[in-house]
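J.: The following block contains a protein sequence and its predicted model.
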Amino acid sequence: GAVVSQHPSRVICKSGTSVKIECRSLDFQATTMFWYRQFPKKSLMLMATSNEGSKATYEQGVEKDKFLINHASLTLSTLTVTSAHPEDSSFYICSANGGIGDEKLFFGSGTQLSVL
Amino acid sequence: GENVEQHPSTLSVQEGDSAVIKCTYSDSASNYFPWYKQELGKRPQLIIDIRSNVGEKKDQRIAVTLNKTAKHFSLHITETQPEDSAVYFCAANIGSYKLIFGSGTRLLVRP
């Protein structure tokens, strides 16, 4: 299957700082990537759809100024958590369809964010 | 809005027994239904999927059934093994590629 790489896998930061998470499609081009958030023992909650070359589409209740998404190329999407607070601590995971026209969704390895 | 409901939230079975997880979806336009397995601290892995033009699909010990009229789909695992223990998520597509996930089922297979 398609490979999605996500970095970093774990980050600890102080409250008020910003954190950038990278998501790369390694062996295919991804015009669309998705960012999910997962709390412990909970489901995957879709935060936003990242579109290459255009603005991201955010789900209801997700602050676009808090979670900045940039999809500058066909293989890279980034999520920046701005002015992080302890309540932003969570597991963030990106995903991409395995190429144009492929419905199958492949996930990155996730980033565990801990805000002190 | 659109949602996917999943039951049960936890399931404990004896090794060798079968396990069944059920999901319902709300968007009648959904036509793609994947199932993911997630081990602790790991990424979700696609284990099987089904499209709306078929009612059943099987891959070794795993099978998925779909009842489009009732908007139900189920995952069946036969001859369960301890390594099947994980959290399983169902999902349904909204629009072309966006997936909405169920709440997850924690499966424990007792040796």
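T.: Cool, the structure landed.
J.: Give me the distance between residue B:71 and chain A.
T.: According to CB to the nearest CB, to the nearest Å, residue B:71 stands 18 Å off from chain A. Heads up, the C-betas are built off the backbone N, CA and C, glycines and all.
J.: number of nearby residues for that residue?
T.: By other CB atoms under 10 Å in any protein chain shown, the residues close to residue B:71 number 17.
J.: List the contacts of it.
T.: For residue B:71, the contact set (CB atoms under 8 Å, 6 or more residues apart in numbering or on different chains) comprises B:24-26, B:28.
J.: Let me know whether the helix or strand harbouring residue A:91 sits next to chain B.
T.: For residue A:91, the element it lies in under DSSP states H and E is strand A:90-97. Yes: interface with chain B: strand A:90-97 contributes A:93, A:97 (CB under 8 Å from any CB of the partner chain).
J.: Each with direction, which strands does that strand pair with?
T.: Paired strands of strand A:90-97, with direction, are strand A:32-38 (antiparallel), strand A:105-107 (antiparallel), strand A:111-115 (antiparallel) (DSSP bridges).
J.: Next, the buried residues of the longest one.
T.: Of the residues in strand A:32-38, those buried by neighbour count under the rule 16 or more other CB atoms under 10 Å in any protein chain shown are A:32-38.
J.: do the last one as well
T.: When burial is assessed from 16+ other CB under 10 Å, strand A:111-115 yields the following buried residues: A:111-113, A:115.
J.: hmm, who's touching it?
T.: For strand A:111-115, contacts defined as CB under 8 Å, 6+ apart pick out A:6-15, A:19, A:21, A:81, A:84-93.
J.: gap between it and the chain center?
T.: 12 Å (CA atoms, centre = their mean, to the nearest Å).
J.: Identify the residues contacting the closest residue to residue A:29 other than its chain neighbours.
T.: Of all residues not flanking residue A:29 in the chain, residue A:74 sits nearest, at 4.0 Å (CB to CB, 6 or more residues apart in numbering or on different chains). By CB under 8 Å, 6+ apart, residue A:74 lies in contact with A:25, A:29-31, A:52.
J.: where does residue A:74 sit relative to chain B, distance-wise?
T.: Distance of residue A:74 to chain B, computed by CB to the nearest CB: 15 Å.
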